[in-house]
Structure formats: structure tokens, C-alpha cells
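Visitor: Just need the structure, nothing else, for what follows:
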Amino acid sequence: MKSDFHIHTYYSDGVFSPEKIVDLALDAGLQVIAITDHDNVLSHDVAAEYLKTKEVEFTLIRGIEVNTLYKDYEVHILGYFPDVNKSDFKNLLKVQQQARIKQTKEILHLLAKKEGIKIAFDDVKNMVAEGGSIGRPHIAKAITNAGGTSNVMEAYSKYIHRASPVYVERKTVSPFDAVEVIYDAGGIPVIAHPYDIDIAEKLIKDLMNCGLRGIEAYHRKHSPALVEYFSSMAENLGLIVTGGSDFHAPNIMNGQIILGKNFVPEWIYEGLLNEKKHLDLARG
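Guide: Okay, here's the model as predicted:
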């Protein structure tokens, strides 16, 4: 089945609503998708409700992407099929949301104090859907909207990085905590796009002790060689392989919608389902 297991909406740093994502997925001929917004799962129910108005064969998987930090590395953990009512899972999301709000307010304070760029917190908050995850892309856009920079990329290069005097690191959970909470909530934890983590193999092995069950080998930033490298690593470690477009917005370089354009082999969905069944049996 044609699938895409890594998609974002405006409940985090994507530009489209969950309903629009469903329409785009159908237009792209996809049959299975997972919406994986950063640090929240609100888009799933919105998309699921919208799907009820469609008479189509289509599967929507509940997903999430948890942003974590480890030894100065930004490590993203995908989770599929989590029970969102588990108390530890709900607490994880609460902690992550509070950290996002705190980081944003502190950066906005420093921007006003040191750079004279005055931005109201609500101007950032209003860029995401109610209850959604605010983050660095929204701060960068707010800086540009306030006239602090001429474009978002300039905002990143001047202010949204560790060397900037106005930047404040977000106090996130560790990847080990994220993996463990997703696993304990009945979900399948997967390390996302490990291309930029030069300690990936050791970290993946360590995360397996907490319940890591997969590697996102298919990603738009993974070359064919990297896809092969991470797929082989997964096979050697007994992990499943996942993949997706990591879609946030249309490709502004060529005007195309790239949702589902990243080639994800059909067997990946079957592997994901089999892993879920296996874990459910193991958990009793």
C-alpha cells in the first residue's frame, strides 16, 4: 500500500490543516498515512473525523514526533500507535509543551532586551492551531513579521542557534525517556532521520535498551546510500524500517506538493503492523 509515515500539520510546524493533509494524501494516491506532529497528537482526531465524510479506503495511523536533546545532538523520536490516555504519555506531552512555551517567552524577552525586536507571545502562539506546538520556525517567522529580519532564513542565521546571544535552549526530555514512554504506552518508538547524528549507531543500540523498535531509513534527506546503510543496520539489530516525506509545506523551489513523493516500499506498512501485533502479544 502506498504510504507516508512522517507528516506535519499546523498543530506543529506544518502549514496545512489535518483536513487539507487528508485531501493531499488522497490526491497523491496514498492509502496509509501517519500524522506525526511535534510533541502533540491533536491532529489525529481532527483528521479522523474529517475522514468520516469521505467514502474511501484509507488508513490513518496515530503518530507523534518527540523532540529531544542528547549530548548537544537533536534527536527526534517517532511514535506509532501510542495509547494517548496513558498517564506517563500525557505527562510527557505536558512537559514538552511547557518547555516550548518557556523557551519561546525567554527568547522573546531577550530579543526585546538585546535587539529591540518586540514580539508579543500571542503573535507566536497564534501561528499554530489551538493547543498546538509552538517552536523555532514560528519564532523565526515572528521575527521576520516584526521587521527584525528580511526573511525567515536570516532570522535563523542571526537568532535561532546556540551561538546567538538571544537564543535559549529548550529543556526537553531525553531520547531515552521519549522511547520508554512511547513503548510503555503501547506504541512503536522509531528514531527519526538519523542522517545528521554521527553517533547514530551507538545511540540506536543504547535506545534499544529502553524499547526502540525501528529506524526511519527512508527520508527525503537520506541518499540511496544512507537508506541502504540504515536499512542494513536495522536488519542487523532486529529493528523495523520506516519512512516518510517529513512533509511540512509545499516545496517552494519547484512549487510541488511533495507529500508521499518520498518512495516508501509497500512492505514497510506490513512490517509496522506486524511489529504492533508482536509487541501487543509480548505485553500480554
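Visitor: Tell me where the stretch 1-150 of the chain has strands.
Guide: 3-7, 32-35, 59-70, 73-80 (DSSP state E, counting those that start in this stretch).
Visitor: And those: which comes nearest Phe263?
Guide: With Cβ to Cβ as the criterion, Phe263 lies closest to strand 3-7 of these, at 10.2 Å. The C-beta positions use only the backbone N, C-alpha and C, and glycine is treated the same way.
Visitor: How about residues contacting that closest one?
Guide: 14, 21, 25, 28, 30-36, 61, 63, 65, 78, 80, 192, 216, 219, 242-247, 259-260, 262, 264, 266, 268-269, 272 (Cβ atoms under 8 Å, 6 or more residues apart in numbering).
Visitor: In helices only, show me the residues you listed.
Guide: Counting by DSSP state H, the contacts of strand 3-7 place Ile21, Ala25, Ile268, Tyr269, Leu272 in helices.
Visitor: out of the residues you listed, which one sits closest to Arg162?
Guide: Nearest to Arg162 out of the ones in helices among the contacts of strand 3-7 is Ile21 (Cβ to Cβ; 32.0 Å).
Visitor: What confidence value was assigned to the closest residue to the closest one other than its chain neighbours?
Guide: Using Cβ to Cβ, 6 or more residues apart in numbering and skipping residues adjacent in sequence, the residue nearest Ile21 is Thr9, 5.5 Å away. Listed pLDDT for Thr9 reads 97.
Visitor: do the same with the one 10 residues further on
Guide: Here the pLDDT value assigned to Glu19 is 97.
Visitor: And stretch 100-119, what's buried?
Guide: For stretch 100-119, burial by neighbour count (16 or more other Cβ atoms under 10 Å) applies to Arg100, Ile101, Gln103, Thr104, Ile107, Leu108, Leu110, Leu111, Ile117, Ile119.
Visitor: Quick check: the fifth one touching Glu169?
Guide: Spelled out, it's Ile107. No: using Cβ atoms under 8 Å as the test, Ile107 is too far from Glu169 to be in contact (10.1 Å).
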